[in-house]
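Q: no sequence for this one, just the structure:
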């Protein structure tokens, strides 16, 4: 009995030691893996230098090698001791390494520690045009800038701006065009539809779709066409019919795909279209 008890105790101790060693290995390997992934993630989204960017290059304990310069249209800078160095298209980290390697390989500095600071972003820009509060060209200061970030820089869409915006540019050397429905970006899973903005992109915000009402309504005139707005809803937006108005034979002038205007008599639950002109007739009785 004593022998059996000793063997059982030995097995439990051995299992405990094995579990402890396994946990130690996991705690040792996992953080290093996580650290490596965390270090690699920023590099993938790091800003890339572009033509026109103004940068400051510093070399630790070598103030004579400090340079504030502008990247030329060819993507190069003229740096002391190294001459012309091509930095355009490189990430900041890669550009720092390129200069450090040049100084080290040329035996100018034994262990150069190079830092680059982007003072002005001019090489990577995108345009926002149309119905926004502040149209213009805006710098792309980070590699993971999205459409909503760019619209926020432009002050957001104006009160008469449409919900659907058009993004044009170039992707993989091919012309790119996409229509983005802004409200869907804030729905569940909408972040995947929030496009990344690249250098040279243009965002166009058209005017909001409109419906025009005249005749026997309280407030005739143009009004915003809301999503899935019916004829009845558009009449309600116009304040409803006057005492002399009638719901019978309401006419809608609608431009077809061929450009010709057709006159139709829709039902009250029929969906309106952009540019529809609604005429409410006067009651005969």
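A: Thanks, I have it. Because the structure is predicted, anything quoted here is derived from the model rather than measured.

Q: In the chain, what residue spans correspond to helices?
A: 2-44, 92-105, 147-153, 231-237 (DSSP state H).

Q: Least confident secondary structure element in this protein?
A: helix 2-44 (a mean of 40; mean pLDDT, DSSP states H and E).

Q: any idea how far the nearest residue to residue 205 once chain neighbours are set aside lies from residue 62?
A: Leaving aside its chain neighbours, residue 205 sits nearest to residue 130 (3.8 Å; criterion: CB to CB, 6 or more residues apart in numbering). The way it works is simple: take the backbone N, C-alpha and C, and place the C-beta from them, glycine included. Separation of residue 130 from residue 62 (CB to CB, to the nearest Å): 49 Å.

Q: Between these two, which is the more surrounded one?
A: A count of neighbours by other CB atoms under 10 Å puts residue 130 above the other of residue 130 and residue 62, at 18 against 15.

Q: How about the contacts made by that one?
A: Taking CB atoms under 8 Å, 6 or more residues apart in numbering, we find residue 130 in contact with 161, 165, 203, 204, 205, 206, 207.

Q: repeat for residue 139
A: Contacts of residue 139 by CB under 8 Å, 6+ apart are 121, 122, 124, 125.

Q: Nearest to residue 77 among the residues you listed?
A: Distance to residue 77, by CB to CB, is smallest for residue 122 among these, at 13.6 Å.

Q: And the closest one, how far from residue 70?
A: Taking CB to CB, one finds residue 122 at 8 Å from residue 70.

Q: what's the overlap in contacts for the two?
A: With CB under 8 Å, 6+ apart as the test, residue 122 and residue 70 both reach 52, 53, 54.

Q: Once you drop chain neighbours, what's closest to the last one?
A: Sequence neighbours aside, residue 120 is the residue nearest to residue 54 in space, at 4.0 Å (criterion: CB to CB, 6+ apart).

Q: pLDDT wise, what is the one you found at?
A: On the pLDDT scale, residue 120 is placed at 88.

Q: so where's the stretch 151-285 of the chain uncertain?
A: Applying pLDDT under 70 to the stretch 151-285 of the chain flags residues 285.

Q: Do a quick rundown of the strands in it.
A: 161-171, 174-181, 202-207, 210-215, 221-224, 251-255, 261-264, 277-280 (DSSP state E, counting those that start in this stretch).

Q: Need the winner for burial among these.
A: Comparing the strands of the stretch 151-285 of the chain by mean neighbour count (mean count of other CB atoms under 10 Å), strand 277-280 ranks first with a mean of 20.

Q: From the contact counts, what lies against it?
A: strand 210-215, helix 231-237, strand 251-255 (3 or more CB pairs under 8 Å, 6 or more residues apart in numbering; DSSP states H and E).
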